[in-house]
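Enquirer: Dropping the sequence and predicted coords here.
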Amino acid sequence: MRSGLVVSVSLLDGGPDTVTVYPAGPVQPDGTRGPEGAPVVVQCRIQPSTSEEAAQLGYVDVTLYRLLARTLPAGPWSRVVWQGRDWTVVGEPKRHNGSARTRHDTAMIRRR
């Protein structure tokens, strides 16, 4: 007979992907960005979102991926390293507020 112990495994906490997030540096008075912030390793789930194939030969496909994590210390223009490649956060990451079990952040990333 089983004890009353309930184990909950969230797809957000046990995602199969690991990324390193480098927060974008602060905007300088001349409009450029300062140095990146300290790297943060995040356990997450990454899903393909869209792919835009160029109509003309010689252009690279632009594929966007959706990054889902319990918390994501990133903002627009943050650098994400995933599978040895550099990616950029597109737009502002979104915070999905719900219960403690379903609360998470999502961001779109694009290859640099």
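Expert: Okay, I see it. Numbering: from 1, shown residues only.

Enquirer: Does the most centrally placed residue in the chain have any beta-bridge partners, and if so which?
Expert: Centroid-nearest residue in the chain, with CA atoms, centre = their mean: residue 67, separated by 3.8 Å. Per DSSP bridges, the residues bridged to residue 67 are residue 46, residue 107.

Enquirer: I'd say it and residue 104 touch.
Expert: No: using CB atoms under 8 Å, residue 67 is not in contact with residue 104; the gap is 10.3 Å. Where you see a C-beta, it was placed from the backbone N, CA and C, and this is true even at glycine.

Enquirer: and residue 19, backbone torsions?
Expert: Per-residue torsions, residue 19: phi -130, psi 160 (degrees, to the nearest 10).

Enquirer: Against residue 90, how distant is it?
Expert: 15 Å (CB to CB, to the nearest Å).

Enquirer: And the two? Which one has more around it.
Expert: Higher neighbour count among residue 19 and residue 90: residue 19, with 22 against 15, using other CB atoms under 10 Å.

Enquirer: For that one, name its beta-bridge partners.
Expert: Residue 19 has the following beta-bridge partners by DSSP bridges: residue 42.

Enquirer: show me what contacts residue 16?
Expert: residue 45 (CB atoms under 8 Å, 6 or more residues apart in numbering).

Enquirer: So which residues make contact with stretch 17-27?
Expert: Defining contact as CB under 8 Å, 6+ apart, one finds that stretch 17-27 is touched by 33-46, 67, 72-82, 89.

Enquirer: just how off-centre is it within its chain?
Expert: Centre-to-centre, stretch 17-27 and its host chain are 9 Å apart (CA atoms, centre = their mean, to the nearest Å).

Enquirer: Which of the three states applies to residue 15?
Expert: coil (DSSP: H, G, I helix; E, B strand; the rest coil).
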